[in-house]
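Student: sharing a sequence plus its predicted fold:
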Amino acid sequence: MKTLLQRTDSLGELFILNKVEPTLKLLFSITKIVYTNLLFVIFILYYATYYKQYPGSNAKLSKYFQ
């Protein structure tokens, strides 16, 4: 199944479509995974430092879970 760009073979468009586009798709997917993991790590570190600063913040719940 060829796209319209693959049918035209002028000015290296076939080269651009076949070589650059899969590389860009791979780069964007890797970047998305890296930024998602980075956001998750920042989220975990924020809450770890929050509970370290305020260790008694869940003191009201601790009487129910002894």
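Tutor: Sure thing, it's come through.

Student: which strands and helices sit next to the helix or strand where residue 44 lies?
Tutor: Using DSSP states H and E, residue 44 sits within helix 21-53. Counting by 3 or more C-beta pairs under 8 Å, 6 or more residues apart in numbering; DSSP states H and E, no packing neighbours are recorded for helix 21-53 among the helices and strands. Heads up, the C-betas are built off the backbone N, CA and C, glycines and all.

Student: can we start the residue count at 569 from this point?
Tutor: Sure thing, new numbering starts at 569, so read that last one as helix 589-621.

Student: what about it, average pLDDT?
Tutor: Per-residue confidence for helix 589-621 averages out to 85 on the pLDDT scale.

Student: for that helix, list every residue counted as buried.
Tutor: Of the residues in helix 589-621, none is buried by neighbour count under the rule 16 or more other C-beta atoms under 10 Å.

Student: pLDDT score assigned to residue 572?
Tutor: The model reports residue 572 with a pLDDT of 53.

Student: the one 5 residues further on now?
Tutor: Note for residue 577: predicted pLDDT of 54.

Student: check the one 3 residues further on too.
Tutor: Among the per-residue scores, residue 580 holds a pLDDT of 56.

Student: cool, the one 5 residues further on as well?
Tutor: Reading off the confidence values, residue 585 has pLDDT 65.

Student: now stretch 605-615 - C-alpha only, PDB.
Tutor: Listed next in PDB are the C-alpha coordinates belonging to stretch 605-615 (Å, rounded to 0.1, in the frame of the first residue of the first chain):
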ATOM      1  CA  ASN A 605       9.400   7.600  33.000                       C
ATOM      2  CA  LEU A 606      11.000  10.900  34.000                       C
ATOM      3  CA  LEU A 607       7.700  12.300  35.000                       C
ATOM      4  CA  PHE A 608       6.900   9.200  37.100                       C
ATOM      5  CA  VAL A 609      10.200   9.400  38.900                       C
ATOM      6  CA  ILE A 610       9.700  13.100  39.700                       C
ATOM      7  CA  PHE A 611       6.200  12.300  41.000                       C
ATOM      8  CA  ILE A 612       7.600   9.500  43.200                       C
ATOM      9  CA  LEU A 613      10.500  11.700  44.500                       C
ATOM     10  CA  TYR A 614       8.100  14.600  45.300                       C
ATOM     11  CA  TYR A 615       5.900  12.400  47.400                       C
END
